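Visitor: heads up, no residue letters with this:
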């Protein structure tokens, strides 16, 4: 661990610039899911308890360096105040120096959408210096933005004493335990629609994990690459050579790849569509594969029972519509049960994955569930995340 935490910093009486992610869903001017806001509470409360003056830096939407009133962080203030239990004052970039100078203990400032500044996404050193002038220490608590080399996530970290916030700390510890130094056997579940979006991920994983489970539309591509009939299923038939290369690489590294042995098929993807379970090699030409079958699920349950660490990214089927959610739900519950019995360390991340785990009712039963999307995926791909690298000293 080459990065510092709040416990390593002198904070009393100091202004702490805290990069957070409160890019939350909003409808009719109200926050509809405050999960990301709730997750920064431990860091902000800890800073205040240690006598620091928190100044939150965040983005909202993609205003592309221009002031877009509809993307003001003002919409997050009520949810922030409810979560933190203290007043939160929104200040513009121009108001910030005076507001920071007048800030009193127990008060929280929120800097207006940092992406209103054209230098943010350019990682502009001038903007970073202007931000640094506002504070004494830098705290990054936004792992979900750590894959972006932006002024508030990367350049700023080099200009002040820097550390990880509690959320970032928990995230990094969970990820290091899952892939950097995992207990073995190590299993990765990778699902989703397209192999083309996860080539780097799959190539990295087959060199690092003991078992790789492939699900969703990606599994269809791999089945087709082996010469199996997949009917009208969603698949990238032009990715067959890539799929075979990944399978060959897995054989070289000793990684066992698990594909569905049976599948649930239907004529169309819609709620209540008649479906049937067939062997993976027996998909009718006029049907589409929409889920893994019960025999596949039983084999996954057995697999999870033999593993010590599990990384999960992506559903096993079209979980949004029943009954095509069955495999994802059953496998997720099996992983959660093994986790609860202290037999498995389970780490999951990615938007669809989090939704699927909530759908299965087990999002709170995994060892760690990351709300990060792109950052989690790039970490699994083995890429260096600029926002994390900048914290190393």
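Guide: In hand now; what should we look at? Worth saying up front: this structure is predicted, and the values here are computed from it rather than measured.

Visitor: name the element the closest residue to residue 301 other than its chain neighbours belongs to?
Guide: Closest residue to residue 301 apart from its sequence neighbours, by C-beta to C-beta, 6 or more residues apart in numbering: residue 334 at 4.4 Å. Where C-beta positions appear, they are placed from N, C-alpha and C, glycine not excepted. For residue 334, the host element (DSSP states H and E) is helix 326-340.

Visitor: who are the neighbours of the helix or strand following that helix, in terms of helices and strands?
Guide: Next along the chain after helix 326-340, taking DSSP H and E as the criterion, comes strand 345-349. Judged by 3 or more C-beta pairs under 8 Å, 6 or more residues apart in numbering; DSSP states H and E, strand 345-349 is in contact with strand 309-313, helix 326-340, strand 368-370, helix 374-380.

Visitor: what would the ones you listed look like in JSON lines with mean neighbour count, distance to residue 270 and mean pLDDT?
Guide: Formatted as JSON lines, the helices and strands packed on strand 345-349 follow (neighbours: other C-beta atoms under 10 Å; distance: least, C-beta to C-beta, whole Å; pLDDT from 0 to 100):
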{"stretch": "strand 309-313", "mean neighbour count": "25", "distance to residue 270": "26", "mean pLDDT": "96"}
{"stretch": "helix 326-340", "mean neighbour count": "22", "distance to residue 270": "16", "mean pLDDT": "97"}
{"stretch": "strand 368-370", "mean neighbour count": "21", "distance to residue 270": "29", "mean pLDDT": "93"}
{"stretch": "helix 374-380", "mean neighbour count": "23", "distance to residue 270": "29", "mean pLDDT": "88"}
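
Visitor: between those, which one is nearest to residue 161?
Guide: Between residue 161 and those, the tightest spacing by C-beta to C-beta is seen for helix 374-380, at 23.1 Å.

Visitor: wait, the residue nearest to residue 301 sits on residue 299?
Guide: No: counting by C-beta atoms under 8 Å, residue 334 sits too far from residue 299 to count as a contact (10.8 Å).

Visitor: Now for residue 302, how many residues are close by?
Guide: Residues lying near residue 302 (other C-beta atoms under 10 Å) number 10.

Visitor: Now it: which helix or strand?
Guide: Here residue 302, judged by DSSP H and E, is contained in helix 294-306.

Visitor: Show me what that helix is packed against.
Guide: Looks like helix 294-306 contacts strand 211-214, strand 256-258, strand 262-266, helix 326-340 (3+ C-beta pairs under 8 Å, 6+ apart).

Visitor: now those as a markdown table including distance to residue 54?
Guide: Formatted as a markdown table, the helices and strands packed on helix 294-306 follow (distance: least, C-beta to C-beta, whole Å):
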| stretch | distance to residue 54 |
| --- | --- |
| strand 211-214 | 42 |
| strand 256-258 | 46 |
| strand 262-266 | 50 |
| helix 326-340 | 33 |
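
Visitor: do you know which of these lies nearest residue 24?
Guide: Closest of the helices and strands packed on helix 294-306 to residue 24 is helix 326-340, at 24.0 Å (criterion: C-beta to C-beta).

Visitor: How far away from the center of its chain is the lowest-mean-pLDDT helix or strand in the chain?
Guide: In the chain, the helix or strand scored least confidently by mean pLDDT, DSSP states H and E is helix 374-380, which has a mean of 88. In terms of C-alpha atoms, centre = their mean, to the nearest Å, the centre of helix 374-380 is set 7 Å apart from its chain centre.

Visitor: residues making contact with that helix?
Guide: Contacts of helix 374-380 with the rest of the structure, by C-beta atoms under 8 Å, 6 or more residues apart in numbering, involve 143-147, 175, 179, 188, 198, 201, 204-205, 311, 313, 349-350, 370, 385, 387.

Visitor: Over to stretch 213-225?
Guide: 187-195, 198, 202, 230, 233-237, 239-241, 243-244, 247, 257-260, 280, 289, 292, 300, 303, 314-318, 327-328.

Visitor: What's the PyMOL line that selects buried ones from these?
Guide: The following PyMOL line selects those of those that are buried, judged by 16 or more other C-beta atoms under 10 Å:
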select buried, resi 187+188+189+190+191+192+193+195+198+202+230+233+234+235+236+239+240+243+247+257+258+259+260+280+289+292+300+303+314+315+316+317+318+327+328
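
Visitor: Out of the contacts of stretch 213-225, which sit inside helices?
Guide: Members of the contacts of stretch 213-225 lying in helices (criterion: DSSP state H): 202, 240, 241, 243, 244, 247, 300, 303, 327, 328.

Visitor: what's the farthest-apart pair in these?
Guide: 241 and 328 (28.3 Å).

Visitor: Read off the pLDDT value for residue 207.
Guide: Each residue has a pLDDT score; the one for residue 207 is 95.
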